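Asker: coordinates only, no sequence provided:
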């Protein structure tokens with residue numbers, strides 16, 4: 001699902017919808033706007049927080065999908081494949097912002113300027129990560145996105161002089177995940193999984 005800046009730029013030149021709100025309807029009646037909303041809901045972010053990199057209809061192994069890629073500038077990148085027939089999520093991925101993503105962001109700024117769309121400015125503090133990045137580290141390690149879980153805690157704290165984020169979330173089956181994430185570089189300092197188990201022991 002990885003895309004290069006060149007591919008993204010080529011997509012723009014070819015008429016791929018970037019930042020656009022034009023309605024595209026698949027043969028089954030699922031619109032690209034509906035696919036975008038599905039991806040945003042699963043990621044647990046609002047449209048005001050993100051910039052759409054690209055959203056278009058494609059074919060994957062004979063299946064019609066909408067590919068929806070977007071990011072929170074300076075923080076997290078999201079990529080979703082949405083089934084064009086059912087609107088279900090086929091594949092998802094999220095990654096922390098990296099230095100090379102600044103180039104892609106610059107290209108998107110240019111595209112946004114050409115479309116008279118004002119992109120949000122990156123929100124980064126040199127040498128530190130944000131609360132959203134800390135959640136993303138924990139969720140990706142556990143194999144989820146925010147729409148899959150209930151985040152009960154994400155706070156900045158100190159432990160023996162180490163600044164960290166304490167991130168806790170749970171699944172619908174009651175499984176609880178707890179993470180300590182370094183506020184300096186995003187490393188996982190500690191993780192704990194608490195699964196609710198019921199045992200029916202019959203000693204007779």
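Answerer: All right, it came through fine. Worth saying up front: this structure is predicted, and the values here are computed from it rather than measured.

Asker: from now on I want contacts and neighbour counts done on CA atoms only, so please keep to that.
Answerer: Will do.

Asker: could you measure the closest residue in space to residue 75 that isn't next to it in sequence against residue 137, distance?
Answerer: The shortest distance from residue 75 to any non-neighbouring residue, by CA to CA, 6 or more residues apart in numbering, is to residue 97 (5.0 Å). Distance, residue 97 to residue 137, by CA to CA, to the nearest Å: 11 Å.

Asker: could you name every residue contacting both of the two?
Answerer: Residues touching both residue 97 and residue 137 (CA atoms under 8 Å, 6 or more residues apart in numbering): none.

Asker: ok, these two, which is more surrounded?
Answerer: It is residue 137, of residue 97 and residue 137, that has more neighbours when counted by other CA atoms under 10 Å, with 22 against 17.

Asker: quick one: that one and residue 189 touch, right?
Answerer: No: when contacts are counted by CA atoms under 8 Å, residue 137 is not listed as touching residue 189 (11.3 Å).

Asker: what sits in contact with each of those two?
Answerer: When contacts are counted by CA under 8 Å, 6+ apart, residue 137 and residue 189 have residue 181 as shared neighbours.

Asker: what about residue 145, distance to residue 49?
Answerer: Taken as CA to CA, the spacing of residue 145 relative to residue 49 amounts to 16 Å.

Asker: more neighbours, those two?
Answerer: Neighbour count, other CA under 10 Å: between residue 145 and residue 49, residue 145 has more, with 20 against 11.

Asker: how close does the more buried one get to residue 59?
Answerer: Distance of residue 145 to residue 59, given as CA to CA: 24 Å.

Asker: quickly find the element holding residue 163.
Answerer: strand 162-170 (DSSP states H and E).

Asker: what about the residue most central in space within the chain, which helix or strand?
Answerer: With distances taken as CA atoms, centre = their mean, the chain has residue 78 as the residue nearest its mean C-alpha position (3.5 Å). Take DSSP H and E as the rule and residue 78 turns out to sit in strand 76-83.

Asker: could you list every helix and strand that whichever helix or strand comes after that strand packs against?
Answerer: Counting by DSSP H and E, the next helix or strand C-terminal to strand 76-83 is strand 89-96. Counting contacts by 3 or more CA pairs under 8 Å, 6 or more residues apart in numbering; DSSP states H and E, strand 89-96 packs against strand 76-83, helix 131-142.

Asker: most packed of the ones you listed?
Answerer: Comparing the helices and strands packed on strand 89-96 on average neighbours per residue, with mean count of other CA atoms under 10 Å, the densest one is strand 76-83 at a mean of 23.

Asker: contacts for that strand?
Answerer: Contact partners of strand 76-83, identified using CA under 8 Å, 6+ apart, comprise 1, 35, 39, 43, 63-71, 88-97, 132-133, 136.

Asker: partner strands of that strand and their direction?
Answerer: Strands that pair with strand 76-83, judged by DSSP bridges, come out as strand 63-72 (antiparallel), strand 89-96 (antiparallel).

Asker: switch those strands over to CSV; also include distance to residue 166, mean pLDDT and mean neighbour count.
Answerer: Output for those, formatted as CSV (distance: least, CA to CA, whole Å; pLDDT from 0 to 100; neighbours: other CA atoms under 10 Å):
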stretch, distance to residue 166, mean pLDDT, mean neighbour count
strand 63-72, 21, 90, 23
strand 89-96, 18, 92, 17
